[in-house]
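Trainee: Any chance you can model this:
(one chain, ligands or ions: 2)
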Amino acid sequence: MHPVSFYLVTDTHYFENKLGVEGKAFDDYMSREQYFMKESSDIIKNTLDRIAEDKETDIVIIPGDLSKNGELESHKSFIKELYRLKESGKKIYVITAGHDYGDDSFAFRDDKKISVQGARFETLHEMYKDFGYGDAIAFDEPTHSYVAEICNGVRMLAICCDSENQPKGAMDERLMSWAKEQTEKAKEDNCSMFAICHYPIIPSVPVFDLVGDAKIKEWRKVASFLADNGVKLVLTGHMHIQSINEFYSSKGNRLIDVCTACLVGSPAKYRKITVDENSLLTVKTIDVGDFGWDTNGLDVQEYFDIQFRKAILGKIFRALNGGKGIVKHLKNFGVKFISTSTVGTLAHLLFFRVDKQLGKRKLTDFISDIGISIFKGDMPYVKGTPEYELISSFLRRFSFVLKKVEPKLSKDGVKINLEEMLLNTIGNNKDFSDADAEFMLK
Ligand SMILES: [Fe+2]
Ligand SMILES: [Fe+2]
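Mentor: Ligands and ions are numbered 1, 2, ... in the order given. The predicted model follows:
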C-alpha cells in the first residue's frame with residue numbers, strides 16, 4: 001500500500017447546548033446514556049485543537065454519527081468546528097450515519113424532551129460538501145457513498161450503509177457492484193484503496209456476531225468481498241467500542257477492521273493511523289484529554305467511565321422496571337438483589353467458589369467493570385483471572401441451556417460455541433492489541 005497518515009475520530013455525536021442540557025427530562029435521559037451531551041461540544045473542540053497542532057499529518061477521517069441525533073442546530077455548530085480545523089490546514093473526510101438525519105431529533109425544554117428539526121438525508125452531502133463529498137472522484141447518489149483520493153496514490157472508499165434508499169446497516173448487490181467498479185478503477189490507476197464504513201464489518205467482539213445491529217448485515221460476505229477486491233483495511237465505528245479484528249476470505253485474503261470508540265463517551269479514544277513506505281500499518285490509540293471542565297478531581301478517563309457505569313446500571317434497572325403481579329415482584333427482587341449484593345452473595349447462592357477479593361466486590365461494580373472493559377478493548381479477564389474462573393464456572397453450570405440454544409443461533413453454516421464466544425468476549429485472546437497494533441499490508 002502507498003504511504004499515508006491520518007487521524008481517525010468517530011461517533012462525535014455533537015449536541016448543540018442551546019437545545020437544552022438541564023432539567024428533569026435531561027437528567028433522566030442521561031441516567032442511561034453512555035456518552036456525554038452537555039460536554040460534547042467542548043470535548044470535540046479541544047480534541048480537534050489538539051489534532052490541528054500536529055503537523056505530521058494533514059488528514060482527518062470521521063466515519064459517521066457526527067451529531068447527537070440529526071438536530072440541524074447540532075450539525076451547524078459541528079460544521080463550524082470542522083471549518084476551524086480545515087483552516088488549520090487539515091483535509092477532512094466524513095460520512096454520515098443513522099444519527100445524522102431523520103425525525104427523531106430532540107431537545108430539552110422546561111423539564112420536557114421535545115422534538116426539534118432534524119437534517120434531511122438528501123441535504124447532508126451538500127451540508128458537508130467541504131468535508132469529503134466535494135472532493136469525490138466517484139459518488140453513489142442513492143447512498144452518498146463516495147471515493148476520494150486522499151493523498152497521492154491512496155483512495156478511500158467511503159461506504160454509507162445508513163441511507164434512506166437501502167436497508168439499514170447493509171451493503172446490497174447494487175452498492176457492492178458500484179464498489180467493485182471503484183476497486184477495479186483504483187487498480188487500473190495504480191492506486192491503493194482502503195475503506196471506511198460506519199458499521200463494523202467484522203464483529204468487534206465475538207458475541208456481537210449474535211447482535212443484529214452490531215455489524216454490517218451478512219458480514220462474512222461483505223468482508224470477503226472487500227478482501228477479495230484488494231481492500232485490506234476498513235475503518236469503522238457505530239458500536240462505540242475499541243477493537244481491531246482480522247478476517248480471512250476463503251481465497252485467503254485478509255481484511256483488517258479497526259473499529260474506534262465514540263469520541264464523547266467512555267472509553268473516549270481516537271486513533272492516529274500510518275502506513276509507511278514498506279506497507280507497515282501502525283495503529284496508535286490516543287485518550288481524549290482535558291477538555292476544560294472541572295472533573296471533580298477525577299482523571300478525565302475516570303470521569304467518562306462514571307457516566308458509562310451509570311448508563312449500564314440505568315439500562316439494567318430500566319429493563320427491570322414495570323410489569324404486573326408476580327413479574328413485578330420478581331423484577332423488584334432483581335433490582336434489590338443487584339443493588340445490595342456482592343459477587344460473593346451471588347456465588348454463594350449458586351454454590352460457586354469465588355476468589356476472596358472478587359467476592360467482596362459489589363455486584364453493580366462487577367457488572368459495570370465487565371461492560372466497560374469490553375468497550376475499552378484488550379479485555380483483561382482471560383483464563384487464570386478470578387473473573388474468568390467465575391464466569392466460566394457459571395457458563396459450565398448452564399451448559400445444557402447453551403447447547404440447546406446454539407443450533408438456533410448458528411448462521412452462514414458457522415457453528416456457534418456460546419461458552420467460547422462469551423469467554424473470548426470478556427478476555428482478549430487475539431495475538432494483537434485492540435489499542436496499538438502493527439500489520440503488514442502487503
Ligand atoms: Fe454512534
Ligand atoms: Fe451508529
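Trainee: Residues touching the longest helix seen in the chain, excluding its own?
Mentor: Criterion DSSP state H: the longest helix present in the chain is helix 300-319. By CB atoms under 8 Å, 6 or more residues apart in numbering, the residues outside helix 300-319 that reach it are 30-36, 265-268, 287-291, 293, 295-296, 298, 335, 338, 364-365, 367-368, 371-372, 375. For every residue, glycine as well, the C-beta is placed using N, CA and C.
Trainee: Strands of the stretch 201-350 of the chain, residue ranges please.
Mentor: Using DSSP state E, counting those that start in this stretch, the strands of the stretch 201-350 of the chain run over 233-236, 243-248, 254-259, 269-275, 280-287.
Trainee: got TSV for those, with mean neighbour count, mean pLDDT and distance to Ser145 too?
Mentor: Formatted as TSV, the strands of the stretch 201-350 of the chain follow (neighbours: other CB atoms under 10 Å; pLDDT from 0 to 100; distance: least, CB to CB, whole Å):
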stretch	mean neighbour count	mean pLDDT	distance to Ser145
strand 233-236	26	98	13
strand 243-248	20	98	21
strand 254-259	24	98	17
strand 269-275	21	98	21
strand 280-287	18	98	23
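Trainee: Out of the ones you listed, which is closest to Leu48?
Mentor: When these are compared by CB to CB, strand 269-275 sits nearest Leu48, at 10.1 Å.
Trainee: which secondary structure elements does that closest one contact?
Mentor: Helices and strands touching strand 269-275, by 3 or more CB pairs under 8 Å, 6 or more residues apart in numbering; DSSP states H and E, are strand 4-8, strand 280-287.
Trainee: Can you pull out the residues in contact with that strand?
Mentor: Residues contacting strand 269-275 (CB under 8 Å, 6+ apart): 1-10, 47, 54, 57, 235, 242, 258, 260-261, 263, 281-288, 435, 441.
Trainee: How about stretch 162-182 and ligand 2, touching?
Mentor: No: contact of stretch 162-182 with ligand 2 (CB under 5 Å from the ion) is absent, the minimum separation being 7.3 Å.
Trainee: Let me see the mean pLDDT of that stretch.
Mentor: For stretch 162-182, mean pLDDT is 93.
Trainee: in the stretch 1-150 of the chain, what residue is nearest ligand 2?
Mentor: Asp65 (4.4 Å; CB to the ion).
Trainee: what's around that residue, how many residues?
Mentor: 26 (other CB atoms under 10 Å).
Trainee: these two touch, right, it and Ile95?
Mentor: No: assessed by CB atoms under 8 Å, Asp65 is found out of contact with Ile95, at 9.7 Å.
Trainee: what sits in contact with each of these two?
Mentor: His198.
Trainee: quick one: pLDDT of the residue in the stretch 301-442 of the chain that ligand 2 sits nearest to?
Mentor: Nearest residue of the stretch 301-442 of the chain to ligand 2: Phe375, at 14.1 Å (CB to the ion). Per-residue confidence (pLDDT) for Phe375: 97.
Trainee: I figured it was touching Gly265, is that so?
Mentor: No: between Phe375 and Gly265 there is no contact under CB under 8 Å: 9.0 Å.
Trainee: what is in contact with the two at once?
Mentor: 240, 308.
Trainee: sorry, back to before: Ser393 is nearest to which of the helices and strands packed on strand 269-275?
Mentor: Nearest of the helices and strands packed on strand 269-275 to Ser393, taken as CB to CB: strand 280-287 at 32.9 Å.
Trainee: can you give me the angle the closest one makes with strand 4-8?
Mentor: In this structure, strand 280-287 runs at an angle of 30 degrees to strand 4-8, with axes from the mean of the first three to the mean of the last three CA atoms, to 10 degrees as the basis.
Trainee: domain assignment for this protein?
Mentor: Per automatic domain parsing, the structural domains of the chain span 4-290, 300-431.
Trainee: if we can go back for a sec, now do the residue of the stretch 1-150 of the chain closest to ligand 2 against Leu263, distance only.
Mentor: 10 Å (CB to CB, to the nearest Å).
Trainee: Between those two, which contacts overlap?
Mentor: Shared contacts of Asp65 and Leu263 (CB under 8 Å, 6+ apart): 10-13.
Trainee: In JSON lines: those, plus secondary structure, distance to ligand 2 and neighbour count.
Mentor: Below are the shared contacts of Asp65 and Leu263 laid out as JSON lines (DSSP: H, G, I helix; E, B strand; the rest coil; distance: CB to the ion, whole Å; neighbours: other CB atoms under 10 Å):
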{"residue": "Thr10", "secondary structure": "strand", "distance to ligand 2": "9", "neighbour count": "29"}
{"residue": "Asp11", "secondary structure": "coil", "distance to ligand 2": "7", "neighbour count": "24"}
{"residue": "Thr12", "secondary structure": "coil", "distance to ligand 2": "11", "neighbour count": "30"}
{"residue": "His13", "secondary structure": "coil", "distance to ligand 2": "9", "neighbour count": "27"}
